[in-house]
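J.: Sequence and predicted model, in that order:
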Amino acid sequence: MSAHKTRAVTEWLVAHPHVTMHYTPTYSSTLSQVESRFARIERDCITRGIFTSTTDLTRKLLRYIKLHNETRQPFVWRYRDVTRRMPATRKSTASH
């Protein structure tokens, strides 16, 4: 079962009717900001890193994240072809 379809999530969504979940297809990790962030950490820090221990790995990961947070820039989606956009739909969860 998907973590986003548990009873707790369903109940939370019912209690917050202005929130709409937008699911990305499983094959489109480039659309997921979490996947993109992990890929960047792996590419910039882990793949090229030399670590003497898990403590050393942790220290270097935290330093990388701190530097990224200090120099972050907003991510702006640019999608110009409106004919290919999927319409937003809202499923009723009241019947569950």
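T.: That came through, no problem. Numbering: from 1, shown residues only.

J.: C-alpha only now, for contacts and for neighbours.
T.: Fine.

J.: What residues sit buried inside the worst-scoring helix or strand of the chain on mean pLDDT?
T.: Of all helical and strand segments in the chain, the minimum by mean pLDDT, DSSP states H and E falls on helix 33-41, at a mean of 85. By 16 or more other C-alpha atoms under 10 Å, the buried positions in helix 33-41 come out as residue 41.

J.: With only the CA atoms kept, save it in CSV.
T.: As requested, the backbone C-alpha atoms of helix 33-41 are provided in CSV (Å, rounded to 0.1, in the frame of the first residue of the first chain):
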residue,chain,number,x,y,z
GLN,A,33,11.7,17.3,-5.6
VAL,A,34,12.7,14.7,-3.0
GLU,A,35,14.1,12.4,-5.7
SER,A,36,15.9,15.3,-7.3
ARG,A,37,17.4,16.4,-3.9
PHE,A,38,18.6,12.9,-3.1
ALA,A,39,20.1,12.5,-6.6
ARG,A,40,22.0,15.8,-6.2
ILE,A,41,23.3,14.8,-2.8
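
J.: can you tell me the average pLDDT over the helix or strand just after that helix?
T.: Following helix 33-41 in sequence order, the next helix or strand is helix 54-70 (DSSP states H and E). The average pLDDT within helix 54-70 is 94.

J.: What angle do helix 33-41 and helix 54-70 make with each other?
T.: 120 degrees (axes from the mean of the first three to the mean of the last three C-alpha atoms, to 10 degrees).

J.: List of residues touching helix 54-70?
T.: 41, 45, 51 (C-alpha atoms under 8 Å, 6 or more residues apart in numbering).

J.: Show me what counts as buried in it.
T.: Those would be 57, 60-61, for helix 54-70 by 16+ other C-alpha under 10 Å.
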